[in-house]
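# Sequence first, then the predicted structure:
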Amino acid sequence: MLKKLLQRTDCLLNERQRYQFFATVLINLISIAHGIGVGWLSPILRKLQSADSPLEFSLSIAEISWVGSALGMGAVTGNIFMGVALNRIGARLGLLFIAIPHSCLWILVYFAQSMEYLFVGRFLAGISSGGMYIVHPIFLSEISDAKVRGTFGSMVMLSVNIGILLGYILGTHLAYHVIPLVVLIFPLSYFISTLFFIRDSPMHLIRKRKFAAAEQSFRYYKNIKDIASSAMLEFEHMKHTLTSAAKQLDKPTLQDFFTKAALKAYGIAFVLLIVNQFSGLFAMVNYMSDIFAASGSTLNPDNCTIFIGVVQILGTYGTTLLCDIWGRKILLVVSSAGVVFSLSALGLFTYFAARYDLSDWSWLPLLCMSLYIFLGNIGLIGCFFVVLVELFPVKIRAQAASIAIVICSCFVFVMLNILPLCMANWGLPATMWSCAAITAFGFVFFVCCLNETKGKSMLED
């Protein structure tokens, strides 16, 4: 029975795809580490604001907004660096690089003497995540078969969310100075694994005219051992396509960025970026404990946050199961509709909880936030990088995706900076409704204007 299961084309461990899956798991060790860095902040911030701060200082609301948003500032730097360097240095060196600034985060956290240590640490973690969000989707799209590309691509956010849950748990239950020593295991394991087991993608090597290495890479990721395998016709087609005069992917011209297909892709990508960030899905994860504390619920904020971490994993796991079955569009439509409903309901509860005794309904914020996180992650988060890479024409794909992710990181900085200020000045209900309104616009746009990209070849526009 096991042998028959492994022979199925939709099994991730079948003979053709097992090394693609193996590479995906290895490179996502740094995604888990990044998620821990994001999730750890939520319970730790509440401790750092209290009189029982584990450090010799405490943080004000303004300092919290800067420590939180430093991740977005660093991500912009990491995006720009990796976007410029990726085509030159290749994915393997890019993957190795991002382990270094992330490791520095935990060293600074351990030795923190002031707010500036945490700010610089979060900034360096942002450089790592910014590079990761460039190199991971492009690398995975180039080594994966079309029928599993969505599954492997969505594993990036699944791994991040696993890390966020671990961060919630570690930040709640472990001593402040123990956490960095535990988490450093992930970037170190990732660096060693990448060094020994990851190769550059065959598409990158073909662009660099390293045809022998490209063939070896293709055989490695497709698990082809037979020298005369008919599957090598696929490699020859790839080689011919990427080296033909019309497909000089390493030399796009300015005109290539203003074709009809490119302009349409920009419009769709911009809406996707706006909804992805201004729905609040990522920013609220960073401040989840504070949100529950302000929601009017009498449940323990840290326990609620851990529960949300579990729900978040279930949402992105749903993406890995459904992305290549249902397609990207339907998941984005369902996701955005669910976010609008759950944020609107949460806003209503917090509005009336400030005016009436709703202690018997204390479970409702947890339910609304669970729906929000689950449905948001099943599409707007889980499918984000998959769709973003697939949108752009092949000749400008790497450059356009890099620019889009730079813009996304700018939005991350804005949201991480303004969300605690909005909650403090506007109140939680108005903040929730504002995010719901933006997501409602995205829902209408996805229904009317988004084309399905499931099964699209990475060699076509």
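Here it is on my side, so go on. Numbering: from 1, shown residues only.
# quick one, longest helix in the chain?
If you go by DSSP state H, the chain has its longest helix at helix 61-97.
# What is it packed up against?
helix 29-48, helix 115-143, helix 185-197, helix 202-207, helix 397-425 (3 or more Cβ pairs under 8 Å, 6 or more residues apart in numbering; DSSP states H and E). The way it works is simple: take the backbone N, C-alpha and C, and place the C-beta from them, glycine included.
# Now find how far off-centre the first one is within its chain.
Yep, that's helix 29-48 we're talking about. Per Cα atoms, centre = their mean, to the nearest Å, the displacement of helix 29-48 from the mean C-alpha position of its chain is 14 Å.
# Dump it to PDB, restricted to CA.
The C-alpha trace of helix 29-48 is given here as PDB (Å, rounded to 0.1, in the frame of the first residue of the first chain):
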ATOM      1  CA  LEU A  29      13.900  26.000   8.700                       C
ATOM      2  CA  ILE A  30      14.700  29.700   8.400                       C
ATOM      3  CA  SER A  31      11.000  30.400   7.900                       C
ATOM      4  CA  ILE A  32      10.200  28.700  11.200                       C
ATOM      5  CA  ALA A  33      13.000  30.800  12.900                       C
ATOM      6  CA  HIS A  34      11.500  34.000  11.400                       C
ATOM      7  CA  GLY A  35       8.100  33.000  12.700                       C
ATOM      8  CA  ILE A  36       9.500  32.500  16.200                       C
ATOM      9  CA  GLY A  37      10.900  36.000  16.000                       C
ATOM     10  CA  VAL A  38       7.500  37.400  15.000                       C
ATOM     11  CA  GLY A  39       5.400  35.400  17.500                       C
ATOM     12  CA  TRP A  40       7.900  35.800  20.400                       C
ATOM     13  CA  LEU A  41       7.400  39.600  20.400                       C
ATOM     14  CA  SER A  42       3.600  39.500  21.200                       C
ATOM     15  CA  PRO A  43       3.800  38.100  24.800                       C
ATOM     16  CA  ILE A  44       7.200  39.600  25.500                       C
ATOM     17  CA  LEU A  45       6.000  43.200  24.700                       C
ATOM     18  CA  ARG A  46       3.300  42.900  27.400                       C
ATOM     19  CA  LYS A  47       6.000  41.900  29.800                       C
ATOM     20  CA  LEU A  48       8.300  44.700  28.700                       C
END
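# can you list the weak-confidence ranges in the stretch 351-461 of the chain?
In the predicted model, the stretch 351-461 of the chain carries pLDDT under 70 at residues 455-461.
# need the helices for it, in chain order.
Shown for the stretch 351-461 of the chain, the helices assigned by DSSP state H, counting those that start in this stretch span residues 363-376, 384-391, 397-425, 428-449.
# Ok, the stretch 151-300 of the chain next?
So, for the stretch 151-300 of the chain - with DSSP H, counting those that start in this stretch - the helices run 179-183, 185-197, 202-207, 211-222, 232-243, 260-278, 281-286, 288-294.
# now for these, which one comes closest to residue 136?
Across the helices of the stretch 151-300 of the chain, residue 136 has its closest neighbour in helix 185-197 (11.6 Å, Cβ to Cβ).
# Counting by contacts, list what the closest one packs against.
By 3+ Cβ pairs under 8 Å, 6+ apart, helix 185-197 packs against helix 18-27, helix 29-48, helix 61-97, helix 99-110.
# buried stuff in the shortest one?
It stands for helix 18-27. Neighbour counts over helix 18-27 (16 or more other Cβ atoms under 10 Å) mark 19, 20, 21, 22, 23, 24, 26, 27 as buried.
# Might you report the residue contacts of the nearest residue to the fourth one once chain neighbours are set aside?
Closest residue to residue 22 in three dimensions, ignoring its sequence neighbours and counting by Cβ to Cβ, 6 or more residues apart in numbering: residue 197, at 7.4 Å. Counting by Cβ atoms under 8 Å, 6 or more residues apart in numbering, residue 197 touches 22, 23, 26.
# rerun at 10 Å
Applying Cβ atoms under 10 Å, 6 or more residues apart in numbering to residue 197 gives the contacts 19, 22, 23, 26, 27, 220.
# hmm, back to that, what's the closest of the helices and strands packed on helix 185-197 to residue 369?
Nearest to residue 369, of all these, is helix 29-48, at 12.7 Å by Cβ to Cβ.
# residues touching the closest residue to residue 144 other than its chain neighbours, list them.
Leaving aside its sequence neighbours, residue 144 sits nearest to residue 152 (Cβ to Cβ, 6+ apart; 4.7 Å). With contact set as Cβ under 10 Å, 6+ apart, residue 152 has these partners: 12, 17, 20-21, 23-25, 28, 136-137, 139-141, 143-145, 320, 323-324, 386.
# Now, of those residues, which are buried?
Using 16+ other Cβ under 10 Å, the buried ones in these are 12, 17, 20-21, 23-24, 28, 136-137, 139-141, 143-144, 320, 323-324, 386.
# what residue ranges in the stretch 151-300 of the chain are flagged as low confidence?
In the stretch 151-300 of the chain (pLDDT under 70), the answer is 227-229, 245-251.
# For the closest residue to residue 364 other than its chain neighbours, grab the count of nearby residues.
Counting by Cβ to Cβ, 6+ apart, residue 349 is the residue found nearest to residue 364 once chain neighbours are left out, at 5.2 Å. If you count neighbours by other Cβ atoms under 10 Å, residue 349 ends up with 23.
# Residue 349 contacts residue 361, correct?
Yes. The criterion here is Cβ atoms under 10 Å, and residue 349 meets it with residue 361 at 7.1 Å.
# any common contacting residues for the two?
296, 297, 367.
# Could I get the residues you listed in TSV, plus columns for distance to residue 289?
Listed next are the shared contacts of residue 349 and residue 361 as TSV, based on distance: Cβ to Cβ, whole Å:
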residue	distance to residue 289
296	15
297	12
367	17
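# Show me which of those residues is closest to residue 422.
Of all the shared contacts of residue 349 and residue 361, residue 422 sits closest to residue 296, with 17.3 Å by Cβ to Cβ.
# Contact partners for the closest one?
Each residue near residue 296 by Cβ under 10 Å, 6+ apart is listed here: 349-359, 361-362, 364-365, 428-429.
# gap between stretch 336-351 and the chain center?
For stretch 336-351, the distance to the chain centre is 23 Å (Cα atoms, centre = their mean).
# Give the buried residues for that stretch.
By 16+ other Cβ under 10 Å, the buried positions in stretch 336-351 come out as 336-347, 349-351.
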